[in-house]
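[1] here is the input, now give the coordinates:
(one chain, ligands or ions: 3)
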Amino acid sequence: MELKIALLSGDGIGPEVTQQAVKVLDAIAEKHGHTFTFTKADVGAIAIEKTGNPLPNETLEICKNSDAILFGAIGDPKYDNNPDNAIRPEQGLLKLRKNLGLFANIRPLTTYPTLIHKSNLKKDVIKGTDFVIYRELTSGIYFGEHTSSSDGKTASDSCTYTTEQIDRISHLAFKAAQVRRKKLTLVDKANALETSRLWRKRVTEIGQQYPDIKLEYLFVDNAAMQLILKPTQFDVILTENLFGDILSDEASVIAGSIGLLASASIGEKTALFEPIHGSYPDAKGKNIANPLASVLSAAMLLDYFSLHDEAEDIRIAVEKSIELNISTPDLNSTNHFSTTNVGNFLSDFILDDENTFYNKNNIDLGQSTII
Ligand SMILES: NC(=O)C1=CN([C@@H]2O[C@H](COP(=O)(O)OP(=O)(O)OC[C@H]3O[C@@H](n4cnc5c(N)ncnc54)[C@H](O)[C@@H]3O)[C@@H](O)[C@H]2O)C=CC1
Ligand SMILES: CC(C)CC(=O)C(=O)O
Ligand SMILES: [Mg+2]
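    Ligands and ions are numbered 1, 2, ... in the order given. Purely as a prediction, here's the structure:
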């Protein structure tokens, strides 16, 4: 298969982690006889520095002319610490999502035996956790009217949802539940918010078209608690933009690191694949960021094009790296491997086996070495 992929590495650790995902995709292309071509484009703070615009037209055009987008992360303390800046890196990502109509953000959460064993959370609570968050991505409070008064004393952000915006992601979430464990949990704040009441009404109505799916409702405050108390109760979580953003970062603690959580943002015409984490500015250029979220986002990209065997190859390589402790410091407090090492291991493993990596790097099999 030939795929044109727009590569938007962005800021902070974005370039370091996406570089590993590209490496892994190159290995998959070589192994399975595909041609993946990457076209780089700027977004976020780097794009502001170069053009004054966090989403230059050229970048948008490259995305529109590609089959899919591989995205790193955006964000820079220079802007975060100066809230008065009118032009901000995150506008690049929000506008990209809106312009490409990427309304459904799919964030799977799985656990790995090696990491369950190391987790600070109770092992019998997190063992077997396997759910997916369907987060609405192009509406809600991030896209409402934002105001601030001229005296600087009042600010507002409005949250709006239409039935059309709720319906389209709800159908995707119900369909996902049909091929999973047939349970959908709507997370909202219907005891306080009008938008949440609309979500509850519509999702209940849509649920009638999916009688095989058990539909449950949770208020978001309770959901935040249940995620940690009993995460195995969840199968598909459906929620609005803000709640999905927050709950998925929280859920990453169950997996072991936010550096493990991948996502796919699906629209009608195209799709974007990105880690759920941000630009982790403190780690920029240090070669310590976990690249697995980016690599697993690349696996979701392959799934999107029905290259399921190829996606599985990536997931098996990722599992192997975790099992062998070839992991960055967030997962491995003693035997640190670098971002690049992890990417090299994955591509070597995909093309050959784990011994290739050990031999190339002159390591005894299983040795605990910092390289
Ligand atoms: N999709 C995106 O591009 C997002 C961008 N951001 C932006 O990123 C910047 C930093 O935001 P933060 O709130 O600090 O969130 P962040 O996700 O960048 O980092 C939070 C913490 O998560 C951990 N972490 C994140 N990615 C990791 C990785 N790959 N490997 C290991 N540990 C990792 C680190 O401990 C880090 O301190 C801000 O400018 C923010 O606006 C935040 C979230 C998403
Ligand atoms: C610009 C932010 C809304 C990005 C973010 O935190 C996310 O999508 O997870
Ligand atoms: Mg977020």
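
[2] send the alpha carbons of stretch 214-225 over as CSV?
    Taking Å, rounded to 0.1, in the frame of the first residue of the first chain, the C-alpha atoms of stretch 214-225 are listed here in CSV:
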residue,chain,number,x,y,z
LYS,A,214,-25.6,-1.9,28.0
LEU,A,215,-25.8,1.9,28.5
GLU,A,216,-24.7,3.4,31.8
TYR,A,217,-24.4,7.0,33.0
LEU,A,218,-21.8,8.5,35.3
PHE,A,219,-21.3,12.1,36.5
VAL,A,220,-17.8,13.2,35.7
ASP,A,221,-16.7,13.7,39.3
ASN,A,222,-17.7,10.2,40.2
ALA,A,223,-16.1,8.9,36.9
ALA,A,224,-12.8,10.4,38.0
MET,A,225,-13.0,8.4,41.2
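
[3] what does that stretch contact?
    182-191, 200, 203-204, 207, 226, 237, 239, 243, 246-247, 250 (Cβ atoms under 8 Å, 6 or more residues apart in numbering). (Glycine included, C-beta is placed from N, CA and C.)

[4] among those residues, which ones are in strands?
    The strands, defined by DSSP state E, take in 183-188, 237, 239 from the contacts of stretch 214-225.

[5] got the buried residues for stretch 3-22?
    Using 16 or more other Cβ atoms under 10 Å as the test for burial, stretch 3-22 gives 3, 5-22.

[6] likewise stretch 243-258?
    243-245, 247-248, 251-258.

[7] for N332, what are its contacts?
    Taking Cβ under 8 Å, 6+ apart, one finds N325 in contact with N332.

[8] sorry, back to before: need the buried ones from the contacts of stretch 214-225 selected in ChimeraX.
    Buried residues within the contacts of stretch 214-225, by 16+ other Cβ under 10 Å, are selected in ChimeraX with:
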select :183,184,185,186,187,188,189,190,200,203,207,237,239,243,247
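
[9] ok, stretch 284-304 near ligand 2 or not?
    No. Stretch 284-304 stays clear of ligand 2 (Cβ under 6 Å from any ligand atom), getting no nearer than 11.3 Å.

[10] what comes up buried for that stretch?
    Buried, per 16+ other Cβ under 10 Å, within stretch 284-304: 284, 287-304.

[11] rebuild the ones in strands among the contacts of stretch 214-225 as a markdown table, extending it with distance to ligand 2 and pLDDT.
    Shown next, in a markdown table, are the ones in strands among the contacts of stretch 214-225 (distance: Cβ to the nearest ligand atom, whole Å; pLDDT from 0 to 100):
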| residue | distance to ligand 2 | pLDDT |
| --- | --- | --- |
| K183 | 24 | 98 |
| L184 | 21 | 99 |
| T185 | 20 | 99 |
| L186 | 20 | 99 |
| V187 | 16 | 99 |
| D188 | 19 | 98 |
| I237 | 15 | 99 |
| T239 | 13 | 99 |
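
[12] biggest separation within those residues, which pair?
    The distance between the two most remote of the ones in strands among the contacts of stretch 214-225 (Cβ to Cβ) is 16.4 Å, for K183 and D188.

[13] helix or strand for the spatially closest residue to D188 that is not a sequence neighbour, which one?
    Setting aside the residues directly before and after it, D188 is nearest to S196 in space (Cβ to Cβ, 6 or more residues apart in numbering), at 3.7 Å. Assigned by DSSP states H and E, S196 belongs to helix 194-207.

[14] the inter-axis angle of the helix or strand following that helix versus helix 194-207?
    Scanning forward in sequence from helix 194-207 by DSSP H and E, the next helix or strand is strand 214-219. Interaxial angle of strand 214-219 relative to helix 194-207 (axes from the mean of the first three to the mean of the last three Cα atoms, to 10 degrees): 170 degrees.

[15] in strand 214-219, what's buried?
    Of the residues in strand 214-219, 215, 217-219 count as buried by neighbour count, 16+ other Cβ under 10 Å.

[16] how about stretch 317-325?
    Here stretch 317-325 shows 317-318, 320-322, 324-325 as buried, counting by 16+ other Cβ under 10 Å.

[17] out of these, which comes closest to ligand 2?
    Closest approach between those and ligand 2, by Cβ to the nearest ligand atom: V318, at 20.8 Å.

[18] the helix or strand hosting H117 and ligand 1 in contact?
    Assigned by DSSP H and E, H117 belongs to helix 113-118. No. No part of helix 113-118 sits near ligand 1 under the criterion Cβ under 6 Å from any ligand atom; the closest distance found is 13.2 Å.

[19] quick one: list the elements packing against that helix.
    helix 123-126, helix 308-323 (3 or more Cβ pairs under 8 Å, 6 or more residues apart in numbering; DSSP states H and E).

[20] would you mind measuring from the closest residue to ligand 2 within the stretch 51-200 of the chain to ligand 1?
    Closest residue of the stretch 51-200 of the chain to ligand 2, Cβ to the nearest ligand atom: E90 (3.7 Å). In this view, E90 and ligand 1 are 5 Å apart by Cβ to the nearest ligand atom, to the nearest Å.

[21] wait, L272 touches D67, no?
    No. Assessed by Cβ atoms under 8 Å, L272 is found out of contact with D67, at 11.3 Å.

[22] between those two, which one's more packed in?
    Legend: neighbour count by other Cβ atoms under 10 Å for L272 and D67, higher for L272 (26 against 17).
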